[in-house]
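Peer 1: Build me a structure from this.
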Amino acid sequence: MAEDAAMILVNRLLGQAQALAAVIAYPRLSAAEDSADPELRSRVEEVVDVLGARDALDSLTDRERNVVIGFARSYLHQALELADHPGRANAWSHDDPAILQAQGAASTVVASLIAHTGLGADGDRILDVGTGVAGLAIAFCETFADSTVVGLDPWEPALALARGNVANANLESRITLVPLPIQEYEDADGFDLVWLPSFFIPEAFIDDALRRVRTLLRPDGRVVVGVMERAGDALARAVDAMITVRSGGAVLETEQGIERLQQAGFARAFEADRTWQAPLRFVVGTG
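Peer 2: Here you go, the predicted model:
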């Protein structure tokens, strides 16, 4: 029966979602030893052990733990929102602080990956396109000494949280928040590094955004375009594309990102070497 087949599928996927919830809960329960229910802690640990994930989770630094938890919580919240409101217009229009802050925590990993690839440096003037709640802008300041960041975002619910996050981090002197999309932003001083997440930029605006970024770069500046691309996993690729479209972003593969940079007039466009497991890839434009 069709109903039986559907329920088998739903139960399998629900089990995976609940297992992910256990992965998120495990480090949080470990940090709440006095208040956590011991039987629940035991059951969560059992799930983590079945997954073979305990050693990996226990070895995370505080920063890595926040990134992992933020990434997972953001996508779980977005999945539930999609299930509840599939008919709304596609855009990054979330106003739930839980979704916005979780996405901000997840984005902080970009700063360390850019540092790892050698694409950023101390003292850089950085443009963070789609800054959201300023999680990445703050991470840039923490990663690159003496750097300053301009964070662009037209979405006021996110910027309201960003202002508080920047103030709490005591970074008002280094981070400037601007309520504009990249296509409308002008600047006379130029930037050494621009972060442009293609998965939050509408397809109709990608080319204009890249051309505008090129005018904002200093002579030795570089733009890092974030692209979501997985190899070999058809379901994961389909899910990534679905979430990107839902967020109002452009579905680009790495080669397409390189072509778009070349069409925008960049003298050199290439994919940065990737040594991490996340499906995030960097396409870089210079000159």
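
Peer 1: Residue 268 contacts residue 287, correct?
Peer 2: Yes: proximity of residue 268 to residue 287 meets the contact threshold set by C-beta atoms under 8 Å, at 5.4 Å. Quick note: C-beta positions are derived from backbone N, CA and C, even for glycine.

Peer 1: Residue ranges in the stretch 51-200 of the chain under the pLDDT threshold?
Peer 2: Residues of the stretch 51-200 of the chain meeting the criterion pLDDT under 70: none.

Peer 1: which stretches of it form strands?
Peer 2: Remark: strands assigned in the stretch 51-200 of the chain by DSSP state E, counting those that start in this stretch are 125-129, 148-152, 175-178, 191-197.

Peer 1: which residues are in contact with the longest one?
Peer 2: Right, strand 191-197. 110, 114, 119-121, 123-130, 136, 150, 182, 209-210, 213, 216-218, 220-226, 249 (C-beta atoms under 8 Å, 6 or more residues apart in numbering).

Peer 1: just stretch 91-105 next, same as before
Peer 2: By C-beta under 8 Å, 6+ apart, the residues outside stretch 91-105 that reach it are 66-67, 69-71, 73-74, 77-78, 81, 130, 132-136, 155, 157-158, 161-162, 165, 200, 247-249.

Peer 1: got it, and stretch 235-245?
Peer 2: With C-beta under 8 Å, 6+ apart, stretch 235-245 has contacts from 75, 78, 90, 199, 228, 229, 230, 250, 251, 279.

Peer 1: switch to 7 Å and redo it
Peer 2: 78, 90, 199, 228, 230, 251, 279 (C-beta atoms under 7 Å, 6 or more residues apart in numbering).

Peer 1: Show me what the helix or strand hosting residue 4 is packed up against.
Peer 2: Using DSSP states H and E, residue 4 sits within helix 2-30. Where contact means 3 or more C-beta pairs under 7 Å, 6 or more residues apart in numbering; DSSP states H and E, helix 2-30 is packed against helix 38-51, helix 54-58, helix 62-84.

Peer 1: Okay, angle between the longest one and helix 2-30 too, please.
Peer 2: Just to be clear, that refers to helix 62-84. Angle between the axes of helix 62-84 and helix 2-30 is 150 degrees (criterion: axes from the mean of the first three to the mean of the last three C-alpha atoms, to 10 degrees).

Peer 1: buried residues in helix 62-84?
Peer 2: 65-78, 81 (16 or more other C-beta atoms under 10 Å).

Peer 1: What are the neighbouring residues in contact with the residue nearest in space to the middle of the chain?
Peer 2: Centroid-nearest residue in the chain: residue 107, 3.7 Å away (criterion: C-alpha atoms, centre = their mean). Neighbouring residues of residue 107 by C-beta under 7 Å, 6+ apart: 132, 135, 136.

Peer 1: And for residue 209?
Peer 2: 182, 183, 196, 201.

Peer 1: go with 6 Å
Peer 2: For residue 209, the contacting residues are 182, 183, 201, by C-beta atoms under 6 Å, 6 or more residues apart in numbering.

Peer 1: Same check on residue 257?
Peer 2: By C-beta under 6 Å, 6+ apart, residue 257 lies in contact with 225, 227, 283.

Peer 1: roughly how far apart are the nearest residue to residue 272 once chain neighbours are set aside and residue 233?
Peer 2: Spatial nearest neighbour of residue 272, chain neighbours left out: residue 282 (4.0 Å); criterion: C-beta to C-beta, 6 or more residues apart in numbering. Separation of residue 282 from residue 233 (C-beta to C-beta, to the nearest Å) stands at 20 Å.

Peer 1: Please say which of those two ends up with more neighbours.
Peer 2: residue 282 (22 against 11; other C-beta atoms under 10 Å).

Peer 1: you'd agree that one is up against residue 274?
Peer 2: No: using C-beta atoms under 6 Å, residue 282 is not in contact with residue 274, being 7.2 Å away.

Peer 1: Assign a three-state SS to residue 223, would you?
Peer 2: strand (DSSP: H, G, I helix; E, B strand; the rest coil).

Peer 1: Which residues are in contact with the closest residue in space to residue 145 that isn't next to it in sequence?
Peer 2: Beyond its immediate neighbours in the sequence, the residue positioned closest to residue 145 (C-beta to C-beta, 6+ apart) is residue 122, lying 4.3 Å away. Applying C-beta under 6 Å, 6+ apart, one finds that residue 122 lies in contact with 144, 145, 146.

Peer 1: Check the spacing between the last one and residue 121 real quick.
Peer 2: This means residue 146. Between residue 146 and residue 121 the computed distance is 10 Å (C-beta to C-beta).
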